[in-house]
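# Sequence unavailable; structure follows:
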């Protein structure tokens, strides 16, 4: 029996490490600063593709790192702390009321710089992604931008691998069809 | 799917990565540390501010209402406006040219088609929305899947400012991630017949994340049904708390004049706690699986009774008896939960759960959570969610 669950309000997402090979203990944990800089960019790009907005993605990933830092002694010992941060950021993106409570107040104080908006040529991809059902969109983005395998996506999403394969298949077909149309329309540009 | 699709998509995503990567600006780890530090300090301040607001708003509303000087309704050219019950204001006219009848106020009854073809200015959106949620010279649209201002639901009409003509009220929304920022806006026409934005009646903001309905009353006030959270993407539709709040035009803007001004703690929630002993493992069977038995205690600290106590068994293993033999499975956000009998506020109960556990499971992967279900098998959050779940330790 596979039982999965979404992380709920106020709690860290569950560890889904069922299929990962065992790793040696890291007694001191890993260095937060190095971890942050190694992963901030890629996590932001993945989330931007998922939620369609770069500055939002940036804020949510920052928020996820804040939550990781608040419990760093624990998170740093997880098998895959990056997956934890990604999951938190994605859940924040998926839930507006939680996001408003956190990212927005953060935004008001922190963001001064201007984040450039998407160029017109990239809007087609994010618009096409926005049309996909959530599961398909998550699977496609995790596959193409996070380079996760079907197994890893199944672990992150807490669904059987068959579901991920089906999401990926349908997502690709729909996306490719839509992009092909968009490209034709835009060819005269 | 064809290989061609895969190549196309790989290329699109690679281009996406290249286009956006330089734009990512990490706020930095110093900002992380500062945020976390500040959060640990600020609860008291936030509470004090909320109290001040709750007191200040009704007083301001009363004061402003006295100034709501509805001039006598003048029949509009088409359609009789609903005359308000208030007597004509005795306020002397600022100009002495009383002999000349006031020209009829412009008709602000705007059809949906007219509104969708006009260019209108919108009040500001909450911070953090996509840049496509614009405010200047906006062409409103029907709801669709992109991040631009849209008109949701039906338009409603009424004489909001007592000018004897009808104004138009619309729920305007802009997408934000998978949710919507919403504003109830009033539109009117100017002397030249152009559609103008009269003002924002109410807009979603932190802690009041949804507007679910609105009406225009006969006296020109607007009532809006607002909610503390906006259910989307996995948040159950029954979680929001809803309130009706009333707004009125002061002559320069809309303010709240009646109804609650904030959402308190959700009175439907209770505080469950779950504690567990060690998961005691038995010997392996032929397939390497072991039985595991754990004793857990749940306390309902109140204030409300829990009609059904649910257990999210996570990925511990296959249920194999003890109190789990009484399970009735029910759907939660993703997983199924094992439902047992209820637990009254103030109650405490101890259960024994048995599982068949696959080889190679380690303690970090085995968590157990108590969940409040109501008599309709709907699940609820908890006042203190942190102590609802435990990570099981193994013994034996």
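Looks like it came in fine. Just so you know, these numbers come straight off a predicted model, no measurement behind them.
# By mean pLDDT, flag the weakest helix or strand of chain A.
Of all the helices and strands that make up chain A, helix A:96-99 has the lowest average by mean pLDDT, DSSP states H and E, namely a mean of 38.
# which parts of the stretch 101-250 of chain B sit against chain A?
Taking CB under 8 Å from any CB of the partner chain as the contact definition, the stretch 101-250 of chain B meets chain A at B:126-128, B:130-132, B:145-147, B:176-180, B:205-207, B:209, B:228-230, B:232-235. C-beta here means a position set from N, CA and C on the backbone, and glycine is covered the same way.
# Out of the residues you listed, which sit inside strands?
In this view, those that belong to strands under DSSP state E are B:176, B:179-180.
# Of those residues, which one scores lowest on pLDDT?
pLDDT across those is lowest for residue B:176, at 81.
# Show me the beta-bridge partners of it.
Judged by DSSP bridges, the bridge partners of residue B:176 are residue B:179.
# OK, contacts around it?
Taking CB atoms under 8 Å, 6 or more residues apart in numbering or on different chains, we find residue B:176 in contact with A:56, A:96, B:128-130, B:133, B:147.
# Between these, which sits nearest residue B:213?
Nearest to residue B:213 among these is residue A:96, at 18.7 Å by CB to CB.
# residue ranges with poor pLDDT in the stretch 201-350 of chain B?
The stretch 201-350 of chain B contains residues with pLDDT under 70 at B:233-234, B:333-334.
# Give me the buried positions along stretch A:127-142.
A:127-130, A:132, A:135-142 (16 or more other CB atoms under 10 Å in any protein chain shown).
# now stretch A:165-180
For stretch A:165-180, by 16+ other CB under 10 Å, it's A:167-168, A:170-172, A:174-176, A:178-179.
# just curious, which of those is nearest to residue B:339?
residue A:167 (29.5 Å).
# What's the mean pLDDT across whatever helix or strand the closest one lives in?
If you go by DSSP states H and E, residue A:167 is part of helix A:161-186. What helix A:161-186 shows for mean pLDDT is 83.
# who does that helix touch, helix- and strand-wise?
Counting contacts by 3 or more CB pairs under 8 Å, 6 or more residues apart in numbering or on different chains; DSSP states H and E, helix A:161-186 packs against helix A:120-130, helix A:134-144, helix A:150-157, helix B:3-20.
# Of these, which is nearest residue B:151?
Closest to residue B:151 of the helices and strands packed on helix A:161-186, according to CB to CB: helix A:120-130, at 19.4 Å.
# Could you pull up the mean pLDDT of that closest one?
Mean predicted lDDT for helix A:120-130 stands at 73.
# Please apply the same query to stretch B:163-171.
Mean pLDDT, stretch B:163-171: 86.
# how far out from the middle of the chain is that stretch?
27 Å (CA atoms, centre = their mean, to the nearest Å).
# Out of the ones in strands among the residues of the stretch 101-250 of chain B next to chain A, flag the one nearest to chain A.
Nearest to chain A among those: residue B:179, at 2.8 Å, using CB to the nearest CB.
# okay, now that closest one: neighbour count?
Residue B:179 has 24 neighbouring residues, counting by other CB atoms under 10 Å in any protein chain shown.
# Tell me how many other residues surround residue B:31.
Look at residue B:31: counted by other CB under 10 Å, it has 16 neighbours.
# okay, the helices and strands packed on helix A:161-186, which one's buried deepest?
The highest average neighbour count among those, using mean count of other CB atoms under 10 Å in any protein chain shown, belongs to helix A:134-144 at a mean of 22.
# got the angle between that helix and helix A:150-157?
Interaxial angle, helix A:134-144 versus helix A:150-157 (axes from the mean of the first three to the mean of the last three CA atoms, to 10 degrees): 130 degrees.
# How about residue B:189: which residues does it bridge to?
For residue B:189, the beta-bridge partners are residue B:195 (DSSP bridges).
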